[in-house]
Each structure stands twice: as C-alpha cells, then as structure tokens.
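>>> missing the sequence, but the structure's below:
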C-alpha cells in the first residue's frame, strides 16, 4: 500500500501546543508530526492508504476528532502525480 505525504493546515489555531499535539496523536494521527511556524499550525502526514483520496479523508477526519478545523491541504510535490484531479 502506498504512503502519501501531505500537510493539513489548521484553521483557528496559530500555535501548536503540547496538549493539542497530544490530542491530535490520540485521535489517530500517529503517522503525523504536528507543528507550527510563523503563526500557522499544521500536521504533516505520512499516511498509508489505498489512494490519495482515502489518505486525505482519513487524515482530515482524525484531525477533526481532535477538535480542529482543517483550513487547507498542502500536497508535497512527489505526491502531485497521484493526487485526485478535479474535473470540470
């Protein structure tokens, strides 16, 4: 099963506290690294899944379980080839 690397940027959070990082890991994000820089809090994932969409959906659900809102997603360049493309 492939591993996908991407970050979710948290809305309404500017600094990653130790308590919040623990809550994110406890919510199922044990394949993630929570952190913050320059007033932006994010969670970097190396998530194994059958598809990029499955990896992204499960990561967002886990972050939401920790009580956080996902503002946007940053996809690493090597994963752009496997990311879903929106059709018009």
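Received, thanks. Bear in mind that the values here come from a model prediction, so they are computed numbers and not experimental data.

>>> For stretch 60-79, buried residues please.
For stretch 60-79, burial by neighbour count (16 or more other CB atoms under 10 Å) applies to 60, 62-63, 66, 68, 70, 79. Glycine gets a C-beta too; all of them are placed from N, C-alpha and C.

>>> ok, now stretch 6-20?
6-8, 10, 13, 16, 20.

>>> what's in contact with the longest helix belonging to the chain?
The residue-count maximum for a helix in the chain (DSSP state H) belongs to helix 52-65. Residues from elsewhere that reach helix 52-65 (CB atoms under 8 Å, 6 or more residues apart in numbering): 4, 6, 8, 10, 24, 27-29, 32, 43, 45, 47-49, 70, 73, 79, 82-84.

>>> next structured bit after it?
Reading on from helix 52-65 to the C-terminus, the next helix or strand found by DSSP states H and E is strand 69-75.

>>> So which elements touch that following strand?
strand 3-11, helix 52-65 (3 or more CB pairs under 8 Å, 6 or more residues apart in numbering; DSSP states H and E).

>>> try it again with 6 Å
Judged by 3 or more CB pairs under 6 Å, 6 or more residues apart in numbering; DSSP states H and E, strand 69-75 is in contact with strand 3-11.

>>> Report the rounded mean pLDDT for the strand it packs on.
Taken as a whole, strand 3-11 has an average pLDDT of 93.

>>> Ok, stretch 43-53 next?
Average pLDDT, stretch 43-53: 93.
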